[in-house]
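J.: only geometry, no sequence info:
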């Protein structure tokens, strides 16, 4: 779908996009209307319409065959290996999660529309890109640079705003952005992020050192996914003061954690203890915690059968 572009005055740069959106909203609050026209409003509404249609027709679940996509380049190789060779039945998303996906997509379209209204050039929305056989769809380019738009929780938003994503990137956002930039031949892109709770907006541009070499990453992942044995574990265990070793955050929500760590605790596998505010997954219990052991609640429900082809 072709999107009508707003006329811009002067040369804008993506680095100011978040501040410019905030100024636009402040101006509206002070009685200065945004340059909304019937034409650009219809473009925005058409994008929302397409998001609704896509949300209403989710893709059919299929067994993962090891084919790489831009959106998963940042996932740990061991996790991808288990996705391919030991797929698990995943829970269906409930109504609240499905609703969050929908308004997340709508917020992302809204943010790009506000970027346009604030004088930035937005183009190549959902453009198909390809690097060494790996396909993907980037969100857009803003002022000629790749822009990955995110709607985030307050917790995740802080990681973007404070530049902490470099040390805590469980979803592999850096690798995804690097892939889009490699395909487009650009290097100054970043993440335009909206806090769904507070309404705050920020633009985060990763340092070059935070971005992996896309072609080398693709080659490495393809090699590891062709192997019959899993790659090394994704993260190091965290050692508590009492000597107990627990799973890092990157492993806690992985559906493969019990199989991945089947050899720990002298071959008995992961143990799970219920603390007041969370469950803790332990790989080496040196000192028995003085809380309830709920391992059985997790392991009894594990299904290792493969998904239907």
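T.: Everything's here; your move. Since we're looking at a predicted model, the values are computed, not measured.
J.: alpha carbons only for contacts and neighbour counts from here, please
T.: Fine.
J.: list the contacts for residue 273?
T.: Residue 273 makes contact with 279-282, 289, 291-295 under the criterion CA atoms under 8 Å, 6 or more residues apart in numbering.
J.: Name the next helix or strand following the longest strand along the chain along the chain.
T.: Under DSSP state E, the strand in the chain containing the largest number of residues is strand 145-152. Following strand 145-152 in sequence order, the next helix or strand is helix 154-161 (DSSP states H and E).
J.: That following helix - contacts with which helices or strands?
T.: Applying 3 or more CA pairs under 8 Å, 6 or more residues apart in numbering; DSSP states H and E, one finds that helix 154-161 contacts strand 190-195, strand 201-204.
J.: Give me whichever of these is most buried.
T.: Stretch with highest mean neighbour count among the helices and strands packed on helix 154-161: strand 190-195 (a mean of 24; mean count of other CA atoms under 10 Å).
J.: ok now it, how far from the chain's centre?
T.: In terms of CA atoms, centre = their mean, to the nearest Å, the centre of strand 190-195 is set 12 Å apart from its chain centre.
J.: Then stretch 167-183?
T.: For stretch 167-183, the distance to the chain centre is 9 Å (CA atoms, centre = their mean).
J.: Touching it from outside, list them.
T.: 70-75, 129-131, 136, 138, 146, 148, 159, 166, 187, 189-190, 206, 210-214, 250.
J.: Show me which of those residues are buried.
T.: 70-75, 129-131, 136, 138, 146, 148, 159, 166, 187, 189-190, 206, 211-212, 214 (16 or more other CA atoms under 10 Å).
J.: would you list every one of the strands in the protein?
T.: Assigned by DSSP E, the chain shows strands spanning 122-123, 127-131, 134-138, 140-142, 145-152, 190-195, 201-204, 238-239, 245-246, 271-274, 279-284, 292-293.
J.: where does the stretch 201-309 of the chain dip in pLDDT?
T.: Applying pLDDT under 70 to the stretch 201-309 of the chain picks out residues 209, 301-309.
J.: Buried residues in stretch 33-45, which are they?
T.: So, applying 16+ other CA under 10 Å, buried residues of stretch 33-45: 40, 43-44.
J.: Between the residues you listed, which sits nearest residue 254?
T.: Residue 254 lies nearest to residue 44 out of these, by CA to CA, at 36.0 Å.
J.: can you pull the contacts of that closest one?
T.: Shown in contact with residue 44 (CA under 8 Å, 6+ apart): 109-110, 113.
J.: Thank you, goodbye.
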